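The following comprises the amino acid sequence and a computationally predicted model.
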Amino acid sequence: MNWLTSIVETALFILLAPLFAGWVKWVKCLLQNRRPPPLVQPYRDLAKLFRKRPMIADTASWIFEAAPFVVFVTAVFAAGIVPFAIAHLPTAKVADLIVLVGFFALGRFFLTLAGLDLGTAFGGMGSSREMMIASLAEPAMLMAVFTLAMSAATTNLSQAIDWVLQTGLVLRPSFVFALAGLMLVGIAETGRIPVDNPATHLELTMVHEAMVLEYSGRYLALIEWANQIKLMLYGVLIANIFLPWGIAESLTPRDLALGFASIIGKLAVLGIALPISETLFAKMRVFRYQEFLGFAYLLSLLGMLSHVILEVN
Amino acid sequence: MDVWAPLSDAHRAWMIELNRELQAQGVAIRDGTGSALLPAHLWEVGSHDWERVARAAHRRQARWAGLWLDDLGNGQLRAHAALMKHGGLLVLRTHLEPPDLSLPSQAHAFPAADRIERHAADLYGVTFKGHPDPRRWTRHQAWPPDTFPLRKAFSAAGDPAPATPPDADYPFLASPSPEVYEIPVGPVHAGIIEPGHFRFLAVGETMLNLEERLGYVHKGIEKIAEGRDPESVARLAGRVSGDSTVAHAWAACMAMEQALGKVIPLRAFRLRGILTERERIANHLGDIGAICNDVGFPFANYQFSRLREQWLRDNAAWFGHRLLMDLVVPGGVAHDLAETDAGAMRDHIAALRRELDELRPILDANHSLQDRLVGAGHLSFEAARDLGCLGYVGRASGFDTDLRRERPYAPYDEVTVPAVLRTEGDVAARLNVRYDEINASLAVIEQLLDRLHPGPVLADLAPPGRATEGIGLIEGWRGEVMSYVRLDATGRVARFYPRDPSVFNWPALEQLIHGNIVPDFPLCNKSVNGSYSGHDL
């Protein structure tokens, strides 16, 4: 029964991811005085892409064709690990935060290989920039994760959420720092402004888009969808680790309704905060990434230090 | 009244000194003053002295402003080079006769001459002796190396091959080592822009070199102009570069009106001035938004796109065309401005000013935006001067060229054009120059509206009855637009050469990217915004 719920919940997560992306886009349009596309536009785009046959370059190897599946599957698995609206599901118990970071890394590894695979200039540039960002973002993310793990004495997400719920609403400096660090990492990892501009058509400035420039049709759909899942994953992570209240702790209809309502509400708020920051800031220079992600690392490190100094005992 | 006041001594001083120096060196100069090429001063020199004159002019810090050849049909070719200083235009002319169709290259003295000489070599089969870069330029593979489309013997319809072979063997500067990698970009780009190829040499993200390869939009404008009547050539000139349609059409019309000795009505001059300034404002509005958009700051893009759109709708309402195409015609303008519309224009100018004053602090105070713009794509004053950069590109680097102030032509002789000059030379400076020029142009339009007295806007042009020629010079939104037109006795155009300012600003892009990183190239490119079409002709 639990496993079935788990699978249903993960499926729901995956199906809702384009809606979240659509919401972010919708808010952003309003902020820019534009008439927004309907919220379901990302679904239409995906449906359109899934109907199209992908074009594959002559120089492509099996990596190019395998990468979209690896990227999508790792994103789905990652979505399975993260408690969405219900805590204590078996999928959340079999894997922990380190595995989550690993899934992200695996997907990225294949995507960067695919970027290099065809031997085009843009793909290589995108892959090299992606690796530069990853090498700076992953330590910051792990540091934030460790801060959480040290407080909750576990790296398992479900148990960590339990711990936060049990200790109640306490202002922990370590969590505030880790939250800030994780938000910066999330912006970098999901390719949002000011690190990457998902809306640009300028190949030379792209990071994520440069790697997937040669993808089309259903392969592109898988990658886009995986990207949307990843964006929502970071939203859910931030919402559920730092403000888990409302998450369903049992499978009663009341708890479930509350759980879904609360996570959707939290995501909606995050989906407003993200486009506001994207509207206020221009994309930064590529060589400012170190400063940005170095700052994210510093915040996470401060989180851990303040935990050790202020919160132990 | 005349379009051009006679050359003043200040305009002419450098020419007089140059003449004296060259005469002392034994260079024979036949002074053609009084020719129809006003406002230019015409010198006929021997082809063997072609380079010597250029070097002497370079020492006197003149600016190289163009080169065009002309097939006279009797086997003779005629070459012209334009030199400019303090608004004084000097045109050199020399004759070439077979079998020796060669000229000493002026590209050593003036780097700006590089591509135009190669363009002329590709289209006329003239050899430029000692040219630093003898590769082909405008000729891709659309016509074989031993045919020359601008010779009169070449049919205007061309000789199209069934299929154009791929242009794969152009010798780009190759990477000197495996660590330096080449990035080919274009000719087809992702956005809706014109085609052009860029070849980067880069180490990591740092650009070592950029080589441009243009010519993909070569439309044969110079060839298809032959045999047309003035009206038709004015329409053609309006399509040399779509965003400069008023400037090019005016320059061509001015050249033809000068050739025919015809002065158009006063009201037409002032309307042309208003149209040119409206074109300048529309393009600057678009550019400011586009520059911000290229650094991921779409807020500015949507705001400025909105302002530009309102401006263009006004164009449509008042002049009948959003981009003001085909309004400047030989003899005047094709569409008069109604009195009520002139009043509305004043109101809309005030409204635009308010919006601009509101937006500017937002851009200036946004650190993340300024961080991208300040210091990016620096073009030094020396580079701008040596390349003869025009318009906002030169004016952002302290190289001040503005015909409206240096050598005012009607109607600019009766208005004050506020000077806009910056010295920083970076992307931010090019953006700020545009911003200030919008305000300057708004002030100019208001002054012109004040003087827009009722009267005719179109005069008849009679055929000349003899072969004649003329030059048009206009400060378009990108900079100085030059147009040369030669008419035959029946009033048909025998030679039309439009020189877009982009030909001098494209090479600046190759210079100003040094020290920048690959992902900043689109920003640098947008800040220059050269016209591909105007360059390729």
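Yep, that arrived. Residues are numbered from 1 along each chain as shown, chains lettered A, B, ... in the order given.

Residue numbers of chain B in contact with chain A?
Contact residues, chain B versus chain A (C-beta under 8 Å from any C-beta of the partner chain): B:181-185, B:190-191, B:205, B:292, B:294-299, B:302-303, B:306, B:366, B:368-369, B:371-372, B:517-522. To be clear about C-beta, it is placed using only N, CA and C from the backbone, and glycine gets the same treatment.

how does it look with 7 Å?
Contacts of chain B with chain A, taken as C-beta under 7 Å from any C-beta of the partner chain, map to B:183-185, B:190-191, B:205, B:294-299, B:302, B:366, B:368-369, B:371-372, B:517-522.

Look up which helix or strand the residue lying closest to B:Val188 once chain neighbours are set aside falls in, please.
Counting by C-beta to C-beta, 6 or more residues apart in numbering or on different chains, B:Val188 lies nearest to B:Pro195, which is 5.8 Å off, once chain neighbours are set aside. Counting by DSSP states H and E, no helix or strand carries B:Pro195.

Of the residues of chain B next to chain A, which belong to helices?
Cross-referencing the residues of chain B next to chain A against helices under DSSP state H gives B:Asp294, B:Pro298, B:Phe299, B:Tyr302, B:Ser368, B:Leu369, B:Asp371, B:Arg372, B:Phe521, B:Pro522.

Report the two of those residues separated the most.
B:Tyr302 and B:Phe521 (23.7 Å; C-beta to C-beta).

who's more crowded, these two?
B:Phe521 (25 against 17; other C-beta atoms under 10 Å in any protein chain shown).

Quick check, the more buried one in contact with B:Leu512.
No. Look at B:Phe521 against B:Leu512 with C-beta atoms under 7 Å: they stay out of range, at 10.3 Å.

Point out the residues in the stretch 201-313 of chain A that sit beside chain B.
Checking the stretch 201-313 of chain A against chain B by C-beta under 7 Å from any C-beta, the hits are A:201-205, A:279, A:281-287.

contacts for stretch B:55-70?
Residues from elsewhere that reach stretch B:55-70, judged by C-beta atoms under 7 Å, 6 or more residues apart in numbering or on different chains: B:14, B:17-18, B:21-22, B:77-85, B:106, B:109-110, B:112-113, B:116-117, B:120, B:124, B:126, B:388, B:482, B:484, B:486, B:495, B:497, B:499.

Measure how buried the one residue in the stretch 201-313 of chain A that gets nearest to chain B is and give me the count.
Relative to chain B, the nearest point of the stretch 201-313 of chain A is A:Lys283 (3.0 Å; C-beta to the nearest C-beta). When neighbours are counted by other C-beta under 10 Å, A:Lys283 registers 23.

Point out the other helices and strands that the one helix or strand A:Phe72 maps to packs with.
Counting by DSSP H and E, the element that carries A:Phe72 is helix A:62-81. Secondary structure elements in contact with helix A:62-81, counted by 3 or more C-beta pairs under 7 Å, 6 or more residues apart in numbering or on different chains; DSSP states H and E, are helix A:2-31, helix A:90-94, helix A:97-117, helix A:217-242.

low pLDDT regions in the chain?
Unless you meant another one, I'm taking chain A. Along chain A, segments meeting pLDDT under 70 span A:1, A:313.

actually it's chain B I care about, not the one you picked
Low-confidence segments of chain B (pLDDT under 70): B:1, B:33-36.

Could you chop it up by domain?
Following automatic domain parsing, chain B resolves into domains at B:9-129, B:264-460.

Can you redo the ones you listed as TSV, where the extra columns are distance to A:Thr91?
Formatted as TSV, those follow (distance: least, C-beta to C-beta, whole Å):
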stretch	distance to A:Thr91
domain B:9-129	64
domain B:264-460	37
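
Of all the ones you listed, which one comes closest to A:Tyr234?
Closest to A:Tyr234 of the domains of chain B is domain B:264-460 (C-beta to C-beta; 19.4 Å).

just to revisit the earlier point, contact partners of the helix holding A:Phe72?
The contact list for helix A:62-81, computed with C-beta under 7 Å, 6+ apart, reads A:10, A:13-14, A:56, A:91-92, A:95, A:99-100, A:103-104, A:106-107, A:110-111, A:113-114, A:117-118, A:157, A:215, A:219, A:222-223, A:225-226, A:229-230, A:233.

could I have the helix or strand containing B:Glu231 exported to CSV, CA atoms only?
Element membership for B:Glu231, per DSSP H and E: helix B:230-237. Extracted C-alpha coordinates of helix B:230-237, given in CSV (Å, rounded to 0.1, in the frame of the first residue of the first chain):
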residue,chain,number,x,y,z
PRO,B,230,15.8,58.4,-59.8
GLU,B,231,12.5,57.4,-58.2
SER,B,232,13.3,53.8,-58.5
VAL,B,233,16.9,54.3,-57.2
ALA,B,234,15.5,56.2,-54.2
ARG,B,235,13.3,53.2,-53.4
LEU,B,236,16.3,50.9,-53.8
ALA,B,237,18.4,53.1,-51.5
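
so what does it touch, helix or strand wise?
The contact analysis (3+ C-beta pairs under 7 Å, 6+ apart) places helix B:230-237 against helix B:245-259, strand B:328-329, strand B:493-499.

Touching the last one from outside, list them.
Outside of strand B:493-499, the residues that reach it under the criterion C-beta under 7 Å, 6+ apart are B:66, B:68, B:70, B:221-222, B:225-228, B:230, B:233, B:237, B:240, B:248, B:251-252, B:482-488.

Which of those fall in helices?
The helices, defined by DSSP H, take in B:Ile221, B:Glu222, B:Pro230, B:Val233, B:Ala237, B:His248, B:Ala251, B:Ala252 from the contacts of strand B:493-499.

PyMOL command to pick out the buried ones of the residues you listed?
Only the buried entries of the ones in helices among the contacts of strand B:493-499 go into this PyMOL selection, using 16 or more other C-beta atoms under 10 Å in any protein chain shown:
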select buried, chain B and resi 221+222+230+233+237+248+251+252
